[in-house]
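Novice: quick one: sequence and predicted model below, then my questions.
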Amino acid sequence: MIFTVAIDGPAAAGKGTIARAVAARFGFAHLDTGLLYRAVGIRGGDPVLVAKALTLADLARDDLRSMAAGQAASRVAVIPEVRAALVDFQRRIARAKGGAVLDGRDIGTVICPEAEVKLYVTASAEVRAHRRWLEVGGDEAQVLAEVVERDARDMGRADAPLRPAADAIVLDTSVMGVDEAVARAVAVVEAALRRMHP
Ligand code: CDP
C-alpha cells in the first residue's frame, strides 16, 4: 500500500510528536525532513554540494536538535538548489510501500501534493516558543525571538514557502493540546484508510 501522511507547520508546533505517534499507530515509516536541512546547515562548506551528497548517516548526528542547527537549517533552506537536491530522497520515502509520515514545511505543497492525508499543525508563537524553551532552556524571550525570525524566513522565502496546502486539515495545538491533536490526526488517517479500503 502506498499512503502518505504529510504534516507541515511552523517550528515547535508539535509536528514531530504527532508524526511519531501516527507512524507508530499505523506501522508507517517516519521521516523528520527538518533533519535534512539541519544536517546540511550545520555541516558548513558549500550547502548545495553537502545536500547532494547527504546520506542517512548524516541524520544521526546528535547536535541536530540545537537552536543553532535550526537557524542554520532555515538559512540553507531558502536556497533552491539545496531544496532540489533533497526532493528525490524525500519522495522515495513518501511513496515507498507500507505507508509513510513525513513532517516538515512543504510536504503537502511541494514534496508530495498527492499525499492521502495532509495536516497543517500550528500554534501561537508564544506557545511554541514556551515548548521549545522547555526543551532547550536558556532565555525564553530569546527563544521566542528566534522562533519568530525562523517563521518569517520560512514563510517569506520564494521557493516552497511554509503555508497550508489548500486541502490540508489545520490543527491548532495552542487551543487543543498535543494529546488531542494526536487523537484527531489518528482519526483523520483512519477515515482516509477506510475510504481507500471500505
Ligand atoms: O523542529 P522544528 O519545527 O523547530 O524545525 P525543523 O522541522 O527541524 O526544521 C528546521 C528548518 O528546516 C525549518 O525552519 C525550515 O527552514 C527548514 N525546513 C524546510 O525548509 N523544509 C522542510 N520540509 C523541513 C524543514
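Specialist: It's in.
Novice: which residues of this protein lie near the ligand?
Specialist: 11-12, 33-34, 37-38, 70, 73-74, 77, 104-106, 150, 154 (Cβ under 6 Å from any ligand atom). (Each C-beta comes from the backbone N, C-alpha and C, glycine too.)
Novice: now, the residues you listed that are in strands?
Specialist: Cross-referencing the residues of the chain next to the ligand against strands under DSSP state E gives Gly104.
Novice: farthest pair in the residues of the chain next to the ligand?
Specialist: Ala12 and Asp106 (17.6 Å; Cβ to Cβ).
Novice: tell me the average confidence for the lengthiest helix in the chain?
Specialist: Scanning the chain for the helix with the most residues, using DSSP state H, yields helix 173-196. Helix 173-196 carries an average pLDDT of 94.
Novice: swap in stretch 122-138?
Specialist: 95.
Novice: in that stretch, what's buried?
Specialist: By 16 or more other Cβ atoms under 10 Å, the buried positions in stretch 122-138 come out as 122-123, 125, 127-133.
Novice: again, but for stretch 166-182
Specialist: For stretch 166-182, by 16+ other Cβ under 10 Å, it's 168, 171-174, 178, 181-182.
Novice: export that stretch to PDB, keeping only CA atoms.
Specialist: The C-alpha atoms that make up stretch 166-182 are tabulated as PDB, following Å, rounded to 0.1, in the frame of the first residue of the first chain:
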ATOM      1  CA  ALA A 166      -5.400  24.100   0.100                       C
ATOM      2  CA  ASP A 167      -6.700  20.700   1.100                       C
ATOM      3  CA  ALA A 168      -4.800  20.500   4.500                       C
ATOM      4  CA  ILE A 169      -6.700  20.000   7.700                       C
ATOM      5  CA  VAL A 170      -5.500  22.600  10.200                       C
ATOM      6  CA  LEU A 171      -4.800  21.500  13.800                       C
ATOM      7  CA  ASP A 172      -4.100  24.400  16.200                       C
ATOM      8  CA  THR A 173      -2.300  22.800  19.200                       C
ATOM      9  CA  SER A 174      -2.300  26.100  21.200                       C
ATOM     10  CA  VAL A 175      -6.000  25.500  21.600                       C
ATOM     11  CA  MET A 176      -6.300  21.800  21.900                       C
ATOM     12  CA  GLY A 177      -3.000  20.400  23.300                       C
ATOM     13  CA  VAL A 178      -0.800  17.700  21.700                       C
ATOM     14  CA  ASP A 179      -2.700  14.600  23.000                       C
ATOM     15  CA  GLU A 180      -6.000  15.800  21.400                       C
ATOM     16  CA  ALA A 181      -4.100  16.700  18.200                       C
ATOM     17  CA  VAL A 182      -2.700  13.200  18.000                       C
END
